[in-house]
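*Asks:* Would you be able to build a 3D model of this:
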Amino acid sequence: MPTRLRVYQVDAFSSQVFGGNPAAVCPLDTWLPDDVLQAIALENNLSETAFVMRDEVRGWQIRWFTPAQEVDLCGHATLASAYILFTRLAPGLERAQFNSRSGPLVVTQGEDGWMEMDFPSRPPEPCVPPEGLAEALGAEPRETLMSRDLVAVFDSEEEVRALTPDMGRLAALDFFAVAATARGTEADFVSRFFAPRVGVPEDPVTGSAHCTLVPYWARELGKSKLLAHQVSARGGVLQCEDRGERVGIAGQAVLYMEGHIIL
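*Replies:* Alright, predicted model coming up:
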């Protein structure tokens, strides 16, 4: 008898389909072998697939997989998972706790479809630009910093929008991903996120990158509440707050598709 798994595809950080960042959410009754989880993520061919399982004691367990590997934190797939909990799996729930490799992550329902994630802060430290970075990005950043991701700071939003990275060169550099960022014209700051090393050439909207970008821009701009715009082709808007050791990241989400995986 084939195994049937529920699967939902959600556009996170968007109020309309075809915007934001698509993620797959697969609720499980028990964990499947890691190679099966990885194969599902590869078959889904989205930047992230989240697997969630009910934890009777502590809320929900969550794991995230790109098409290439498991990762320790993913913002948009967490937002997508919370949306599925709030609208499908646990209607009436207003606060969801996910237990993950990055510790407990709380998502709270707000007004007008907004949901706020409480994530760990990952402030970046200045670093020497890796050799070959400018050639890989196609432009020279004015400043580079490192946390989980390398942060490349540019002088203007236009420079960030105009980047045409060489993904092969980027993937060959020794860091997880690069977040290109600058002060925004309408938002407080803008960004783009490239992670070809883990099978994601450009991520449309990257919640986890804002664990690093928010503390950086909060310090640079002298304010704790920030409006962020990720200026990929699909794009997305995030309402953010620097809270010292934690970061608040809020966004909307919308269901695009639901069905079953047959194993």
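*Asks:* which phi and psi does the residue lying closest to T144 once chain neighbours are set aside have?
*Replies:* What sits nearest to T144 in space, not counting adjacent residues and going by CB to CB, 6 or more residues apart in numbering, is P129, at 4.5 Å. Heads up, the C-betas are built off the backbone N, CA and C, glycines and all. Listed backbone geometry of P129 is phi -60, psi 130, with angles given as degrees, to the nearest 10.
*Asks:* P129 is in contact with L145, isn't it?
*Replies:* No. With contact defined as CB atoms under 8 Å, P129 does not count as touching L145 (10.1 Å).
*Asks:* who touches V128 in this structure?
*Replies:* V128 is in contact with T144, counting by CB atoms under 8 Å, 6 or more residues apart in numbering.
*Asks:* SS state for it?
*Replies:* In the three-state summary, V128 is assigned as coil, counting by DSSP: H, G, I helix; E, B strand; the rest coil.
*Asks:* where's it relative to L170, distance?
*Replies:* Note on V128: its distance to L170, by CB to CB, to the nearest Å, is 17 Å.
*Asks:* ranges for the helices of the stretch 1-150 of the chain?
*Replies:* Under the criterion DSSP state H, counting those that start in this stretch, helices of the stretch 1-150 of the chain are mapped to 34-44, 75-84, 133-137.
*Asks:* In terms of secondary structure, what does the last one contact?
*Replies:* In terms of contact count using 3 or more CB pairs under 8 Å, 6 or more residues apart in numbering; DSSP states H and E, helix 133-137 is assigned the packing partners strand 150-153, helix 167-172, strand 178-183.
*Asks:* again, only this time at 7 Å
*Replies:* In terms of contacts (3 or more CB pairs under 7 Å, 6 or more residues apart in numbering; DSSP states H and E), helix 133-137 is packed against helix 167-172.
*Asks:* packing partners for the helix it packs on?
*Replies:* For helix 167-172, the packing partners by 3+ CB pairs under 7 Å, 6+ apart come out as helix 133-137.
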